[in-house]
Structure formats: structure tokens, C-alpha cells
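*Asks:* based on what follows, work out the 3D shape:
(4 chains, ligands or ions: 6)
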Amino acid sequence: MTLTLTETTKANVNRIGLAKNDYKGSRSTLCAGCGHDAITGHIISAFYELGIEPHRVAKFSGIGCSSKTPTYFLSRSHGFNSVHGRMPALATGALAVNHKLIGIGVSGDGDSASIGLNHMCQIFRRNVKMLYIVENNGVYGLTKGQFSATADVGSKQKGGSLNDYEPIDTCALAIELGCGYVARSFSGDGKQLVPLLKGALSHDGLSFIDIISPCVTFNNHEGSTKSYDFVKDNDIRLQELGFVSHYEPITVDYEEGTTKRVELPDGSYLILRKLDRDYDPFSKKLALSTLADARLSNQLLTGLLYLEKNRPSLDTRLNLPDRPLVELGEDDLRPPRAVLEQLMESYK
Amino acid sequence: MTLTLTETTKANVNRIGLAKNDYKGSRSTLCAGCGHDAITGHIISAFYELGIEPHRVAKFSGIGCSSKTPTYFLSRSHGFNSVHGRMPALATGALAVNHKLIGIGVSGDGDSASIGLNHMCQIFRRNVKMLYIVENNGVYGLTKGQFSATADVGSKQKGGSLNDYEPIDTCALAIELGCGYVARSFSGDGKQLVPLLKGALSHDGLSFIDIISPCVTFNNHEGSTKSYDFVKDNDIRLQELGFVSHYEPITVDYEEGTTKRVELPDGSYLILRKLDRDYDPFSKKLALSTLADARLSNQLLTGLLYLEKNRPSLDTRLNLPDRPLVELGEDDLRPPRAVLEQLMESYK
Amino acid sequence: MESTLNNFTIQVGTVNGSGSQSANLILLRSIFNMGVPCNGKNLFPSNIAGLPTWFTIRVDERGYACRSRDVDICVAMNENTIDADVAELRPGSVLVYNEALAYKPRREDLVVYACPFTTLAGKVTTDPKLKKLVTNMVYVGVLQELLGLDPVAVEQAVQRQFARKAKAVALNLGALREGAAYAREKLRKKDPFRLETRNLTAGKILIEGNAAAAMGALFGGCTLCAWYPITPSSSLPEAFIEFARKHRHDKDGKAKYAVIQAEDEIASLGMVLGGGWAGARAMTSTSGPGISLMSEFAGLGYYTETPGVVFDIQRAGPSTGLPTRTAQGDILKVAYLSHGDTQHIVLLPASVEECFDFGMAAFDLADRFQTPVFVLSDLDLGLNVWMSDPFKYPEKPLDRGKVLSEEDLNRVGKFERYRDVDGDGVPYRTLPGNPHPLAGWFARGSGHNEAAQYTEKPGDYKRMLDRLAKKFETASQQVPAPILQNGGDTRVGLLAYGTSHWAVVESRDQLSASGIQTDYLRLRALPLNGAVERFLAEHERVYVVEQNQTGQMLSILRIHYPAHTSKLASVLHYDGMPIDAACITEQIVAAEKECAD
Amino acid sequence: MESTLNNFTIQVGTVNGSGSQSANLILLRSIFNMGVPCNGKNLFPSNIAGLPTWFTIRVDERGYACRSRDVDICVAMNENTIDADVAELRPGSVLVYNEALAYKPRREDLVVYACPFTTLAGKVTTDPKLKKLVTNMVYVGVLQELLGLDPVAVEQAVQRQFARKAKAVALNLGALREGAAYAREKLRKKDPFRLETRNLTAGKILIEGNAAAAMGALFGGCTLCAWYPITPSSSLPEAFIEFARKHRHDKDGKAKYAVIQAEDEIASLGMVLGGGWAGARAMTSTSGPGISLMSEFAGLGYYTETPGVVFDIQRAGPSTGLPTRTAQGDILKVAYLSHGDTQHIVLLPASVEECFDFGMAAFDLADRFQTPVFVLSDLDLGLNVWMSDPFKYPEKPLDRGKVLSEEDLNRVGKFERYRDVDGDGVPYRTLPGNPHPLAGWFARGSGHNEAAQYTEKPGDYKRMLDRLAKKFETASQQVPAPILQNGGDTRVGLLAYGTSHWAVVESRDQLSASGIQTDYLRLRALPLNGAVERFLAEHERVYVVEQNQTGQMLSILRIHYPAHTSKLASVLHYDGMPIDAACITEQIVAAEKECAD
Ligand SMILES: Cc1ncc(C[n+]2csc(CCOP(=O)(O)OP(=O)(O)O)c2C)c(N)n1
Ligand SMILES: Cc1ncc(C[n+]2csc(CCOP(=O)(O)OP(=O)(O)O)c2C)c(N)n1
Ligand code: SF4
Ligand code: SF4
Ligand SMILES: [Mg+2]
Ligand SMILES: [Mg+2]
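*Replies:* Ligands and ions are numbered 1, 2, ... in the order given. Below you'll find the model as predicted:
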């Protein structure tokens, strides 16, 4: 197992009495050092620390090394490793009929920005309440290192050829298409990523996190813009992040002016501490232009890019009752005989 | 035939001696008053006035009322009415093997922003040299008026239901994904559209024009944001447009300061005359934020949104010879016997 | 000669988008209201307005409901098609046409009634738009007089058609009366076609197959409908939305269903499988091109054993083909949809009643066998108006299949998702959200073992495939059984399915009249089961009637019943029009003659 | 007992990503260099590094090339699988294992050689990464000594493998020598397996099917390759890129070809059809899931009559299945891919040579018949290393089919895109850019007539379908014909296609040895033609051998040859492993025994 965990389990159990082990999955079969395994570790931490009951979680993925990872966490949850690029559709259907499930989708850059781009874009519009993660390594890991649509122009393939095509910035698309929680992070930065994950799980709507996750086997060489080295040299954090759960007292002390507390729909807080720049994650325009600038200057901006709390999520738009559709009984599912008779009358 | 032509044919023939009739196609079968027919007329004008030889043109479309229109213009050209949403792929293949063809793709908002969104996005990235038109009416005309992905939130369907989902702004996506010629126009505004079409045909790379084109049958009622009335009330032109072909002397007089002349790769000029605002179509950031603002204030901005002249088009990226691949003879296509022998040696 | 009383076909040729559809439906319903069996078929172009469209009404006291090849009464309202329409008429047929058209009658062998429809319409309104609309009502008035339509029946039909708009009722009745008055005063009846009141439609309904199927989905407990518009399928989900809006809201006005217009058909089926996996009854509806796009997900559904229902309203053609014409051209494709060794349960409704019944049954079968179920309707059935007995409320409760709840797990104490516990090939499943510690499992389209764990082991992989085969063997016994109609002679058997049924029914009578007695087995589902084999075994020659070019069901029969394959022959019809009885009769008579030779 | 001289199977069990592949290939090529026929199969997981992987080398002087079910020499380098690997060995087999593994040999019936591979590797390098890599070379050294590998042959193989890196050559030779020295000094040969120099591989090549097919595409004149990565197909386009880079640049360094990595398989085929329509030879390559996604475009290609070539490197499974295991599970699906009445030309290469030949022929057939042509290879053929005669340069020029140039049009004076001028069902086409005023036409997936105009007329539509059927009839005469091998007895016939061939070849000898003489017809393409029917007619019982669960080719045969269907029986293998001879022999012997009973 090659998981890098952000913290060792200090207390043995979390607030619902489960140990961290209860949040793990089967043994990873990814390459040693793969960024994806680190992310798995951070996901485990986030769920463990939030004390989410595993059975309330539904895991979704497409196809790829990244899409294999849902087997490596939360083995007590249900999960669905589907077909390449179509995870959003599957998740949308499942969460429409059971919006009480805590949905987490894990995808890759090939899965989401190449074959699955349309579905990703449309799930942003539909604002399905779930956490959507792209484990972004700029290549198709599982098929041995071809460029994906997030590879930067001029970035170098292991064989030596250069990428000719504009990259797709999934975060920019998410913001453009109305996603209300958009972040970018790095597989190796648990300090940033874990609060982002927790914040995402507290958001009411689709939360999207693009996580740069180096592929040690096919895209970790010089000339790659998704390597550990490149990230280390070019990562610029937008803010320092903390998270306080709705059931914890706020113990983080924060200085007026440099720290912001953002309340999330479930009563939790994201704590944003200002770094060099004064970034306002509530402005769509600023978010988009900041991303555009960063791309031009080859910077990798990480942190919470955009937050908009009041967009209605799919279940609201569908006007669904509180009780999920899957819990409806026969009485609800099949209208009574009188309804059929009435309908038949109307066709007579 | 319900074509609205921008100008009556004053001279009987154009510079290559063809009459306007030579640029027409078969009789339109669209509804009387459909915006698409007007666009057909403007396309005919643009090709006629540019004096393009019809046989050099290749027409492409997907499926929908809009996608039917390539039969209604340039009947002497080859054309391919393909499958729903996949026109970009077809065009990419055809123009890769014959980059001397003048490609024009006509699609609908359903065709391009719903089922075909991925392919549209990817053709922006690949920058295939062609003119890509979306005849945007906010609905699926041919299947009787369901919302497409460009329908605005809250816009009203003929049956009365409101659209719940964020619209996709295809121009914003085009700019975001690196398209170098992006415009928005209105089917009824030949004065603006014809120069935009001509400019697009002179651009070296993908040129994208989203044309609001009211569906008189299913989306021209009150409450629609793609109706003739709505456009009339909310259309704000970014600039006044003119076009001077590389073979014409520049006769347009232009005032310093309010008028800009933009040279295009084939030596033609786009003439941009300043209106109320001072819009700079060379700034990606400005273009994106202007579009975002317009959306917020329910304005419909039309005109040339973005121009970037030096992005390499697909044929350059593919390092293709001047002579198109389809013209290669057997000698070029099949390497000589010695090559096979040499290859065989290397496997011995 | 056949009686022409309550037995003839009317064809109205108009321009689509001209509002003729309400006049046509009023005409149809008027006849129905008189107690005379009838149904209506709409032949329309793949276009929104301006192109020719035809509506045919078959009036038949004997109840024959398939398309009749010949038109007895041609109402010609479209200048562009009148010549061709007239050219196809048999001698003795009736032509009613609009004098306003640039048309000169040339055939002497027809009974021709010229009517100033446009002028008559002008008497009731001067508004040009309204005038255009009510012009169509004038011909209904003319026919009322010519055919002997009961004015009360007609008025009821008009009232019903414009239910909520008194003004429209008045206007249309006005136009109708103008037509009737004109006919009464100016036209002399010269043709034999007449209607007479009967009591044969009492209690019956008139409905399109797509509405019936949507109703099936409603009563079948469907809570998720994910779809993408396509002709001729769209009206199915649209009807579902309408029904659900009326009958599926809770007391707080909340929707006890979800409808999502997906970005494409791939996503539609993806959403359906997501919904099915999560425990809901989910459906989508599409036509040929959508079926092709669903191939990959169909395989995922099969192999992960996820329920879901797909309605395929078949239309003509390879590729886009003829989107507004009918066919049975997807059956072979759907039966094995997706790469690799994949197969599916397919239901084959022949009537609007079966659209309703199978619309419900599909969900039971999907849950029971944990697999996508395809319901193959077609444009003829889906979009046309058919007379039917009213649908029966289901007697049996929903069958939700083998789902283990938390309590079940407590009781059983163990759970493996893909184990064949009962020996029927059908495993048990748990749903997401089940809090039992054993409940969680991971669905994947890649190789897996009984415990739903990833595996590449040859033995594991093969065992799962073999169990799937067993599951389908079990399913073959539980899908709707074929229906046998004995003709008392075991030499000639007919096999058909779906809408070909109606032409077969009439053809059997024609065949019988020409001395060929037939037995008839109507297939209603795949996988096929033993009854089919028996039928094949018992007959010397079996004709398989279907509406495609390549004999797709015949192919499936040949694959499954090699022992009987040499007695199978195809009777095909594939020009986009609904199959008619004569087409079958002619082919069989010719083939039988050859046998006799 | 069979001779063990130049006749045995070696299996090396390692961890993938550990660099064992070069050692395996060196071992294979060393044997080949000795003039002894051999081939290698790689059994690897759907994973990048860390999971078990096996490489088997079948050494067989008689030339048998299919998988051998039994392993004679097991080289165990992977702690996780050694127990299972050993458990499967027959008594008398050899086990060579790495002493560094936590493993205690327990079986007495094996010849066991324990070797300190890791320690020996440590003698040539201390760099831990390098050491891991060269550990594998040590076993080659050990086998060199044990089996009698010619050191010169081995050294040549090493030189070749590390061609450009002298340091690597030295290092690997060092490791190899350590292994050999150890074996010489410490191991006493106790097993019967030996190699001896022969002259049976002179002039032959060793190559993977995907490289061969890519070479076919290169010499077939392909100029557009649009693809989407998928196992086991990716190495085909990747090889094409490599070949084209070397052999398809003009003197200015410009590329006389275009390769586009598409966004998905839908777009791949769309690009191919765009290229084919514009007049180029275009191809894509994929595997099962991609085939499913291509369904809609496949129908467009069929109905618009647009050329294009699709390689399908089949892998196991419905859905994602086993991406790194082999199967012949797409044949029925591909033959009729897309909704409606669609069919395709399918080529079925059995050897790397046919991958090359059909790789070229596919483009000729696509142009000649103006339709997508599918080449069905599989993982076993595509990714494994096969011995072959060198490929022959084509004698005939490219067949570009019926394309009318401007001059042709001047001469002919008329042109209708879809008219059957020659009576063979194959129409003429013009390409975009043709300046002749008659040249332009409009391709559409919707109904069209001879002049390529839109139509919904039943007659037009049916006529086009009938012409398409005629075109495929013509095609059936021009696709690669089946190949007959007479065994001199007409009671039992064998039918197979693709890689099943190799197991059939061996099985026929086994059958013959047990008294069953067989004739054998190898299918090489669809549509099937007359030769197949003759073969069926001439034999009493015909076994159809294939690597899928449902007998997909058998199904196609049943559909097309109803008269002979009762004599057909399936011999199936579908666990993901390549089929072996014994599996066929056993099934046929059992079935024949039943016949005799
Ligand atoms: C329809 C289809 N096409 C292609 C593939 C092959 N395939 C498997 S994974 C993959 C790419 C995965 O890339 P990405 O999503 O970036 O994941 P990573 O492996 O890099 O984590 C591809 C193309 C497939 N499984 N299905
Ligand atoms: C795969 C597939 N799905 C659905 C359809 C049905 N269909 C035909 S046109 C159309 C929508 C067209 O909308 P748009 O592109 O906006 O064109 P418009 O008619 O509005 O001009 C749809 C869904 C189809 N032809 N193919
Ligand atoms: S190939 Fe790359 S992405 Fe896949 S497991 Fe290995 S390191 Fe991770
Ligand atoms: S339905 Fe709408 S889009 Fe289609 S032709 Fe009519 S007006 Fe135009
Ligand atoms: Mg990736
Ligand atoms: Mg539209």
C-alpha cells in the first residue's frame, strides 16, 4: 500500500466511533509513488475526520488509474466504476433518485477532459450535489502515457514529442458553467487538500476539485508540467485553508483582516487565510481572469478558486421531496386504480 | 423560398463571373420566417461577394433544422450532413486530408452545445481552419421545441415551463479554449453578419460565429430570450463592421480614432467602427469579462468578440505539406519495395 | 365485392404545420363516437412545416387495424401532392378536393367532388391565419354529409378536441356546418361508401402507443426518466412528464419523480443505470441512432447487472434513415447490443394495450433479472392512434426482485453480490445507503468474482459468464410468452411480432379465403422460449413476417433453433410504410404455390 | 512420449513494470537466433506496475504456435504467484526460482533449481534500480546453461535489444554471464528439456500483429490515422506513427500523413469518415468499448457509402471485461454494427502476415466498395510476438475504386452519386474539390435517391437498400476467400477464423492421431461467400471453433446457411486466455464419440 496519509490517527476513533481503518479500501494496485494514492489518503482523512458514516457514501468513477481509486477507500460504501468518461451521467442518475447519499466521483483528466468533457460540463450546469474530483496528471496513465486534453502546450511526452494543443482548464470551465465550489490542489499538499475536500463535502451543490496528481511512470520527467518538480517550482497558493466542522467549536484563532471565515450550508466553516495576494473567491470574473493570467505566466494556482453558495442543486430544481425517491413504497410508485380509470375515461 | 438576402445583386456576376444564383442551393423546407433561412441568405451573399469558387468549398453539418441548411446554399459544392452533434469530427478529418478546401460547418445549439459539446470544444483546441456557425435558437427545432443547452435560465418554453439550467455560452467557451476568431451575431442583421462571415473566411484557423436565429415555430413567444422581439430589445452591437476583400481597393473612408482596420491573413481587412463603447477584440480577458457582464445584465452583445491571428491551425500543427494529402499519388502513398525490405530486416 | 358500409379508408393529404391534425382527429373520433371501429395513421415528413403530410383513417367494422394499401376516399388539400395522390387511386375511388388548388381532374374512373373549401372557410372568419386553420374543418363537414357521419358524434368530437376553448369550438363547428351545408346542397352522392351507427366501440379508448407506454411507466413505478429528444420517441417521455405532473406529486407539491433531459443518449442510459443501481425504477426512451449511442452503457448494464428500462420506438433506416417512417429494424441489434458476449431482454408490444402492460412489466423484469430491458415499439405503434380496450389495472404488486435490506442481511448473515444462491443464475443485491456492515459492494464493468472483487482469473471470469447465461435461461421462462392462434392446419405457420401483428391478422383471413389455413404464433419477448420451438416443430413451413430488410427475427430464430431452420422463410416489408395485409398474403400465396408446384 | 528436444514451453512469472520484458524478449530471440521456431505470449494485468505478469515462450520445432496449456519450465520470480504457478505444473516439469523469495519448494515431483538471482545481480551492479532490472537477465543466463542456448545467439539478442546503449549491453551481458556461471557451477541438469541449433528460422521475422497491421496501413496508403488510446489497440496507431515518421516525410520534412488523437472513439470514426469522404485512405484502431461507441458513425458510413478502415483488436468481455485478455467476441456485433439494417465488410486475419496483407487490402476494399471495412484482430495476435515469413511487397497497385475525376466527368457527361451504373451495386463518386460543374453532391445519413437528393418516398428508399444488398453480394466475391486444408475425410469439417487457427492446426494433428481425420476451412472475411456453403454441403459434421461464449460465427453461419445448420456445432473457449489445441481436441473427440455412440 502506498498511501500517504496527512496525519497519523491520533485519537483512535472519530466522532461516530469509527477508526481510520474503517475508511480504507482494498490495497492499491497503482504504481508506487503515484499521486492518486496520496489523494486516496487525503480522501480517507477527510471522511474520517468529518465522521461521515461510510454507508451514506456513494462512490463513482469512470475508467483510468484514477478511476480505480474508489476501491481503495471506503470499502464499506457502495461504489460504481463505470465506463470511460461517463461517470457524471451515472452519478446524476443515482443522486437524483437518492439525494441523501453523499456522492463522490473520482475521475481522471483523460476521463473528464477528453472523452467525458461534455458530461462534465453538463453536470456543472445541473449542479448535482456531489464532490467531483479530477486526478489530473496530464496523461492517460492506464493506457501508457498519451497526452490528455489537460496537457499544456509544449509539454513533453515521455517519448519526447511535444503537445501541440491548448490545454483545457477544467476549473475555468467549471466556473464558466456555473459550478459553485471550484478548487485546484496538489496530491502532495494534504494541508490544503483536506480542508478543501471537507469544504466540498459541506457544500450544497456540485463541488469540483482539480488535483494535480503526478504520474510517476509516464509524466514525471523534465519537460512535463505535471511532474512533482514542476508543481513544487510553480505552485502558488491562493490562500491558506482551514476547515471547522459544524460539530466542533471554532478553535482556530484568526486575525481580523487576513483571515476570512466562510460559513457553509451545513454550518461548517472554511477558514481562508490571506497569503501574498488578496484573493476574493466570490468573484466569478476575478476567478476567471486570475486563472487566465496564471496560465499565461505558467503558474499553477492552487486553493479555493470560486465559491457561490446559493445556486440551487439538482434536487431542488427537480422539486424533490425530502424523502429520496428510492424510499418511495408501492403506494407512492403506483397510482391507485381510480387514477387509471380516470385516465381511461379521458381517452374514451 | 424564404431567403432574406442582404442586398440585391447589383452587378449580375461577381469577380469570378458567377451569378448569385450559382451560390444558391435547393429550396428550403424550413418554416416560413425561420432565422436559419436568413442566415442561409447571408452565407450566399458572403461567398458570392468574395467570389469563392463553389467547388473549393466543403460543407458540413450535424442534425437539426439548422443542419439541414447546407443543402440550401452552394449546391455546386460537396457537402456532408452527418449525425447529430458530430460534425466537428467529420470536418476535422476531411480538412486534415484536404486543407485546401474552404470548410464551412453549420450546426445548431442542440447539435453543438448539447450532444456535440465535447467535439465543439475539441475543434476549438485543434484550430481546424474552417468557419463554424451555430444557428442558435435556444431550442431543438426539429424535434419540436425542447430546450437546448443554450437556453437561458428562466426562459420560457412554448408549453410554459421554465428552463432551470445555466446556459452554455458557446462564444465564451470558444475564447476560453483558444479559438482565434469568435463572433456573435443575429440572423436578421446582415449588415453585421456578412462582414463577420467574410472575415471568418479570411481567417487562418477556426472561426466561430454564434448566430441568434429565432425559431418562429417553437421559440418566438414572449418569455423566450431567443425571439425576434427579445433580440431587437436587447441586442447591443460591440462595433460597426465592414469588410474589404484583398482584391478590392479600400474605398471605405475611416476616421482615425473611431475606426480600426484589421488585416487578415489573406490580405483582406476587417473594418471595426467604434460605437458607444470602446471594445478591444484582441484581449481575451476583456472578451471573457464582457461576455460575463452581458450575461448578468441580460444583454445580447453582438459583433466581433475576439480575434487572435497567430495561432497555428491544425494543418500547421500537423506539419502538412502544401499539397493536400488527398492529392498524393501512389508513389507517395506506398513506400517503395526497399522500405519494406529494410523493415523486414529489422524484424529478423 | 367487399361491403363498403363501415369499411373503407380515407386519406387526407395536407401540408404539415397547417393545423390539419385537429380536423383529422375530429374526423377519426366522430367515426369512433358512432360506434364504428377505426384507427388513424399519420404520415408526416421529417420537417416542421410546409411539406406534404397525409392522414389515413381506416374504418373497419371487422376490426382490421393495419394499414390498408388502397385508399377509398382521398381528400386532397395539398397542391403539391394532389397529382400523385390521385394517380394512386383505384377506379371507383372518391376524390374530394379543394377547388382553390390549381388542379384539373383528369380521371374519369373516379367519383370526384370539388369543394370551395377556402371560400367556405372565409364565411366563418376573415382572419387569414384562422381561415387557414378552419379550412380543414370544412372537409370534415363535407365528409359528414357524404358518408353519413352522425352530427352529434361529430359535435362531441369537436367539443372534446377544443375542450378548453369555447371560441374555437364555435368557429370550427361553423366551418364544419358550412362544409356540410355545401355538400348537402351542391354535391350529389355518387359513391358507395357509407357509415352507419354501431355499438362496437363502447368502452373502448383511442390512444397512441407512446402515451400508453408512458402510462405503463407511471403505473410501473418509474421514478426517473432520463431522455434525449428524438423522433418518434419524444412523445413518450413527454407523455410521462404530463402524467407524472398530474399524478405523482405529494401533498406538499413535491415531485415524486425526476425527469432529466440529458445531453445525449449516452448520458440518458448512464443516468438510468445510475438510478437503477441506486434502487429506483428508471427509464429512457429513444430511437435507432440513440440505441447505437447506448451500446457501451448497455454492455455495462448487462455485465454489472444493473436494472433499467429502454424504450426503442423504431424508425426506418440505417443511419438517420427516414425519421418519420416506421420499421422493425433494430431487433437483431438490440438483442445483442454492445461489444462482446452481451445479450438483453427485449419486449415486443404489438398493441397500445401491450405498450401499457409491457411498459409496466419491463420494470418488474429489469428488477427481477437486474439487467437493462428493452421495449421495442415502433413509429406506427407509438405515434398513431389505435382503438383499444381500456387498460387493466395490474393485479400483482410490483416485483422489486432480489434486494436485501438491512434486516435481511441481519437474518442471512452473509452477502456476496454475484453469487448464484438460488441456482437460477440471479444473484442478490443491496442498495447504496444500506447501513449493514456487509452491504457495501463495488460495481464494475471489468472482470469480477462472486464477491464483486476485481479479478482477471480465467476461471472466475468464465464462471460469471456462465452464470449470466443461466440467468437468461431463467428469464426466458418469465418474459411474456408467445401467443398462439390456431387455424386448424399445421402445414403453414406464421410468426410475427410487434405491429406486424395487425397485418398478419387480416392476412390470415385473406389466406384462409384463398384456401390456405394458418396457425399463428406471435412472439412477445426475447429470450425466446420453449413454446417457439414447439411451434416450429409442429409446422411444415413457417413464415416470419417482419418490417426490415434482412429478416432480423428470422436470423435470431435461425441462431436459436437450428433444427427447424430450413422450414423458415421471410416475409418482409421495408419501405418505411406500415406493413399491410396484402403484402403478406401475396408473398405467402406465391411461396405456397411454389411449394405446391 | 513427445520429444523434449526443441519442444517445450517456458513460463516466466514476474512483476509487471519490473523490466522483465526485455529479458523475456532476449530469451525468445536467442532461441529464434538458433534457428528454432518459437513465439512468445505476454500475459499481463490491466495495471501499470506491481502486479503479476507472465511471459510464455513456446519452443516448437514442428512450428505449432498456439498457446500450450501446459508449462514445462517455470521460472518463478514473483513471490505473490509462485505458489499458484507451481501448483499448476505437471509432474516432471522444471521449476527455476529465485532463492530470494520467501518460498519453500514442497513438490517432490518437479525438477527444482533454486538460484540466488538477486545476489548474482548484485555482483554486476550496486545501483538498486539497475539491480532490480538485471535480476531478470540472470535467469536468462541460467536457462542458457540449462537448456543449451547458443551463447552467440544470446549475445546477438542482447546486442539487438539494447541496440543504442553500449553500457546496457555490457551490464546485461554481465548479469547473463553470472547466471550462466552459477548454473554451470552449482546446478546439475536433471531435466530432459534441451535446445539444439536448427535452420528453421532463417529469413523469418518475429513481430507483433499490431506492428504488422500498422505496416499494412503504411503500405496500404493510409494518410489519416485518427485514434483514441485503448488496450490492446494503442500499439497499432503508435506503430503507424513510428513508421510514418520514418518513411512518410517529404524532402522538406513535411508529413505526408496526419495523425490525430481524437477526444473519443466517436470522433475517431467521424474523422476517418470525413477523411474517406474527402478522398483519403483513413483508419482508426480500437477495441470493444470503442466499437460500441462507433456504432452510430458506422451506420452513417454504411448508408452514405463512405470508405474507412477500423481495426478492432478484440479483448475479453462484455463491457470493460478483461482489457488485457484475448477474445473473438465482437464478430457478430461488428458484422451488423449500428441500428437498422446495416452490415459491414469484416476481415479476419489469423497471422501477423495477414495483419499486414489485410491491413493493406482493407483500404482497397473500403475504396472499392465505399464502405467502412473492419479488420478484426485480437489481443493474442496484436500484442504477442509471432514468427512469420517476411511480408511480401504487394504486386498490385492500390485500388482506389470508382472515383470520377474532372476529366472522367467531361467524358461521361453525367453523374449521379448513387446510381448503379455497372449493375454491381457499386456506384460512382466524386471528391470534394472536383471543379466539374456536375461533381458536387450532398452526402446524408437520411433517405436519399440515386441523385443523392433527400427523399422519403417508399420506393426510392427501398431501391437504395436493395442496391446496397447487391453491393454486398458483389463484395462477398472480392473479399479474401476462405482457405481450405483437406484432410482427406469428409465426415468431419472444422471451421475457424483469426487466431483460433493456430490451435486448430495443432488440434487437427492431435485428432488425426486419435483417428479423426478432418478437413479445415479457415474463414477470412465477411460477407461469406459460396466456398463456405460448399464446405458445409460436403461435410457431415462441422465444428466451428471460436473464442467467445455464444458462438458468434456459428450464429452468422446459421443465419446465412440454413440448409446446413443442423450439422454445425460450436467449439468454444472464452476464459480470456488464448485458445489451446487440447481444448479443441477434447471437445471434438467427446462430440465425435457421442456421434459414434
Ligand atoms: C471507451 C473507452 N475508450 C478507451 C478506453 C481506454 N482507456 C482506459 S483508461 C484511459 C485513459 C485514462 O486517463 P485518465 O482519465 O487521465 O486516467 P489516469 O490513468 O491518467 O489516472 C483510456 C483511454 C476505455 N477504457 N474505454
Ligand atoms: C443521436 C441522435 N439523437 C437525437 C436526434 C434527434 N434530433 C434531431 S435534430 C435534434 C435537435 C436539433 O436541435 P438544434 O441543433 O438546436 O437544431 P435546430 O433544429 O434548433 O436548428 C435532435 C435532438 C438525432 N437525430 N440523433
Ligand atoms: S501509470 Fe501513472 S497514473 Fe497510473 S498508477 Fe502508475 S503513476 Fe499512477
Ligand atoms: S422549427 Fe424552428 S428552427 Fe425549425 S425550421 Fe421551423 S422555425 Fe426554423
Ligand atoms: Mg490522467
Ligand atoms: Mg436549435
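
*Asks:* so which helix or strand takes in the residue of the stretch 101-250 of chain C found nearest ligand 5?
*Replies:* Closest to ligand 5 within the stretch 101-250 of chain C is residue C:226: 27.7 Å, counting by CB to the ion. The way it works is simple: take the backbone N, C-alpha and C, and place the C-beta from them, glycine included. Assigned by DSSP states H and E, residue C:226 belongs to strand C:224-227.

*Asks:* ok, back up a step: OK, contacts around the residue of the stretch 101-250 of chain C closest to ligand 5?
*Replies:* For residue C:226, the contacting residues are A:92-93, C:259-262, C:267-272, C:275, C:282-284, by CB atoms under 8 Å, 6 or more residues apart in numbering or on different chains.

*Asks:* mind listing what the closest residue to it other than its chain neighbours touches?
*Replies:* Distance criterion CB to CB, 6 or more residues apart in numbering or on different chains; nearest residue to residue C:226, sequence neighbours excluded, is residue C:271 at 3.6 Å. Contacts for residue C:271 (CB under 8 Å, 6+ apart) come out as A:89, A:90, A:92, A:93, A:96, C:224, C:226, C:260, C:262, C:282, C:284.

*Asks:* taking these one by one, which sit in helices?
*Replies:* In helices, defined here by DSSP state H, the members of those are A:89, A:90, A:92, A:93, A:96.

*Asks:* any of those residues buried? List them.
*Replies:* A:89, A:90, A:92, A:93, A:96 (16 or more other CB atoms under 10 Å in any protein chain shown).

*Asks:* so what's the backbone phi/psi at residue 327?
*Replies:* You didn't pick a chain, so chain A it is. phi -90, psi 0 (degrees, to the nearest 10).

*Asks:* show the average pLDDT along the helix or strand containing the residue nearest to residue C:226.
*Replies:* Following DSSP H and E, one finds residue C:271 within helix C:265-278. Helix C:265-278 comes out with an average pLDDT of 98.

*Asks:* just the buried residues of it, please?
*Replies:* C:265-278.

*Asks:* how about that helix as CSV, C-alpha atoms only?
*Replies:* Output of helix C:265-278 as CSV, limited to C-alpha atoms (Å, rounded to 0.1, in the frame of the first residue of the first chain):
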residue,chain,number,x,y,z
GLU,C,265,-28.4,9.3,-25.3
ILE,C,266,-25.2,8.0,-23.8
ALA,C,267,-25.9,10.1,-20.7
SER,C,268,-29.5,9.1,-20.8
LEU,C,269,-28.7,5.5,-20.3
GLY,C,270,-25.9,6.3,-17.9
MET,C,271,-28.4,8.2,-15.7
VAL,C,272,-30.9,5.3,-16.0
LEU,C,273,-28.2,2.8,-14.8
GLY,C,274,-27.2,5.1,-12.0
GLY,C,275,-30.8,5.3,-10.9
GLY,C,276,-31.3,1.6,-11.2
TRP,C,277,-28.1,0.8,-9.3
ALA,C,278,-29.3,3.2,-6.5
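
*Asks:* that helix: how far from the chain's middle?
*Replies:* Chain-centre distance of helix C:265-278: 23 Å, with CA atoms, centre = their mean, to the nearest Å.

*Asks:* now the angle from that helix to helix D:265-278?
*Replies:* 160 degrees (axes from the mean of the first three to the mean of the last three CA atoms, to 10 degrees).

*Asks:* spit out the contact partners of the most centrally placed residue in chain A.
*Replies:* The centroid of chain A falls nearest to residue A:133 when counting by CA atoms, centre = their mean (2.7 Å). For residue A:133, the contact set (CB under 8 Å, 6+ apart) comprises A:39, A:43, A:104, A:105, A:106, A:107, A:208, A:209, A:211.

*Asks:* try 7 Å
*Replies:* A:105, A:106, A:107, A:209, A:211 (CB atoms under 7 Å, 6 or more residues apart in numbering or on different chains).

*Asks:* where does pLDDT dip in chain C?
*Replies:* Within chain C, the stretches with pLDDT under 70 are C:1-2.

*Asks:* domain map for chain C?
*Replies:* C:4-194, C:207-388, C:406-476, C:483-596 (automatic domain parsing).
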